[in-house]
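Student: With the input below, show me the fold.
(one chain, ligands or ions: 1)
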Amino acid sequence: MAEAVQEQAYDWSEYRGVLIYVEQREGLAKPVSWQLLGQGRRLADKLDTQLFAAVIGAQVEHLAQDAVAYGADRVYICEAEELRDYRTRPYSRVMMQLIEEVKPEIVLFGATATGRDLAGAIATHLPTGLTADTTELDVEPDPSRLLLASRPAFSEKMMATILCKQYRPQMATARAGVFEALPRDNQRSGEVIRLDNRMQEEDIAAKVLDFVEDQASVNLEEAEIIVAGGRGLGGPEAFRLLGELAAAMGGEVGASRAAVDAGWIGHEHQVGQTGYTVRPKLYFAIGISGAVQHTVGMSNADCVVAINKDKDAPIFQVAHYGIVGDLFQIVPALTEEMKRRKAAGMQAMHEEGEVGA
Ligand SMILES: Cc1cc2nc3c(=O)[nH]c(=O)nc-3n(C[C@H](O)[C@H](O)[C@H](O)COP(=O)(O)OP(=O)(O)OC[C@H]3O[C@@H](n4cnc5c(N)ncnc54)[C@H](O)[C@@H]3O)c2cc1C
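Tutor: From the prediction side, this is the model:
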């Protein structure tokens, strides 16, 4: 006989507030941190609670003010030479100390390599639940105050909303580019609280010997201009044309899954549900039909320009500007025009310089 399952009632009234981990390297914050503060602000307002930010590193005081300008009510900052480079143990110690003292009900991290590592370490130690790689975050109001953390599941065929009912805080990592940062407001005021670093260098087993930047990899999540190509390119050679247009504008090359699956370009270029979610100022969709699994990853772009020979292609529904025609004629012409304008701009600057001299 089936028995009715009684849900245990938990008292989480000690836990209040939303905490965002501000990820930085060499004093430069990852844009996902400000995007998460924007979403954190929306969640905190809905729960009628405060928004906290955690800044950890060496010489990162300026980020505390930035966090306030992007929506934080209170910033906890921990600065020490031992914290200059990210290492799991000292960073997770600081975050756990903070979580245990402040008791936020929700803690969010960017779904970056660092964010994933740090959130995983903290969730294991506390212990609490962690939803990785979310693309939607919402909250239920009082009395449950549950975080509704959604992400693609079952080979990306459906969206799953994951709840953490039995532990606090509720934790999630979120993809870059999904949420919108609030406009920076330098007039906002907030509290800044300093934390002690309780770990000495000799307590930390991992040593950073060197940092080697991966020059070859693309950075779609932070790109301001993306020139993306799809199956309409017909083969890998045409990505060279897109590369030239991207180079002329200082952008990165993106791709649809069809182009990636065909082996024309690497997966690190893929935009969409199973690729990157991007938020550039300008996005070119070239020879891309506009399937929903693609547009879900790029429709937050400020301006979308679509080039497609089919005037009825769905991509034109999300595009701000559409060009109906053959990409093999349009893309080289665009690249030439960009180069010409760039050269004309350089010439004008040069002449102005001469006039001024
Ligand atoms: C679970 C799941 C996850 C997925 N995840 C992703 C994802 O992350 N990203 C993604 O992109 N897709 C994803 N897809 C696949 C998606 O459904 C589409 O199949 C894919 O986006 C199509 O790629 P495309 O637009 O390049 O190709 P097509 O749909 O074949 O479109 C090609 C377009 O090129 C145009 N064209 C052809 N020749 C020219 C020319 N000479 N000049 C101009 N235009 C031309 C055509 O008119 C056409 O519109 C996913 C699918 C599933 C089921």
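Student: Could you confirm whether the helix ranked longest in the chain reaches the ligand?
Tutor: Scanning the chain for the helix with the most residues, using DSSP state H, yields helix 327-356. Yes: using C-beta under 6 Å from any ligand atom, helix 327-356 reaches the ligand at Leu327, Phe328. Where you see a C-beta, it was placed from the backbone N, CA and C, and this is true even at glycine.
Student: And for stretch 246-257?
Tutor: Yes: using C-beta under 6 Å from any ligand atom, we find that stretch 246-257 touches the ligand at Ser256, Arg257.
Student: send the alpha carbons of that stretch over as PDB?
Tutor: Below are the C-alpha coordinates for stretch 246-257, written out as PDB (Å, rounded to 0.1, in the frame of the first residue of the first chain):
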ATOM      1  CA  ALA A 246      36.000  38.900 -37.100                       C
ATOM      2  CA  ALA A 247      39.600  40.100 -37.200                       C
ATOM      3  CA  ALA A 248      38.700  43.300 -39.100                       C
ATOM      4  CA  MET A 249      36.300  44.100 -36.300                       C
ATOM      5  CA  GLY A 250      38.200  42.800 -33.300                       C
ATOM      6  CA  GLY A 251      35.700  39.900 -32.700                       C
ATOM      7  CA  GLU A 252      35.700  36.200 -32.100                       C
ATOM      8  CA  VAL A 253      34.400  33.400 -34.300                       C
ATOM      9  CA  GLY A 254      31.400  31.400 -33.100                       C
ATOM     10  CA  ALA A 255      29.500  28.500 -34.700                       C
ATOM     11  CA  SER A 256      26.300  26.600 -34.700                       C
ATOM     12  CA  ARG A 257      26.200  23.000 -33.500                       C
END
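Student: quick check: mean pLDDT across the longest helix of the chain?
Tutor: Across helix 327-356, the average pLDDT comes to 81.
Student: what's the distance between that helix and the middle of its chain?
Tutor: Chain-centre distance of helix 327-356: 32 Å, with C-alpha atoms, centre = their mean, to the nearest Å.
Student: Show me what counts as buried in it.
Tutor: By neighbour count on 16 or more other C-beta atoms under 10 Å, the buried set for helix 327-356 is Leu327, Ile330, Val331, Leu334, Thr335, Met338.
Student: if we take these, which one ends up nearest to Gly40?
Tutor: Met338 (38.1 Å; C-beta to C-beta).
Student: ok, that closest one to Glu213 distance?
Tutor: 27 Å (C-beta to C-beta, to the nearest Å).
Student: How about Arg84?
Tutor: 16 Å.
Student: The two: which is more packed in?
Tutor: Taking other C-beta atoms under 10 Å, Arg84 and Glu213 do not tie; Arg84 has more neighbours (16 against 6).
Student: hang on, that one packs against Cys78?
Tutor: No: in this structure, Arg84 is not within contact of Cys78 by C-beta atoms under 8 Å, at 12.0 Å.
Student: count of residues packed around Phe239?
Tutor: Quick note: Phe239 (other C-beta under 10 Å) scores 19 neighbours.
Student: mind checking how far it is from Ile226?
Tutor: 13 Å.
Student: quick one: common contacting residues for those two?
Tutor: Val253 (C-beta atoms under 8 Å, 6 or more residues apart in numbering).
Student: List the contacts of Asp142.
Tutor: Leu47 are the contacts of Asp142 under C-beta under 8 Å, 6+ apart.
Student: List phi and psi for it.
Tutor: When read as degrees, to the nearest 10, the backbone of Asp142 gives phi -50, psi 150.
Student: How much space separates it from Glu14?
Tutor: In this view, Asp142 and Glu14 are 15 Å apart by C-beta to C-beta.
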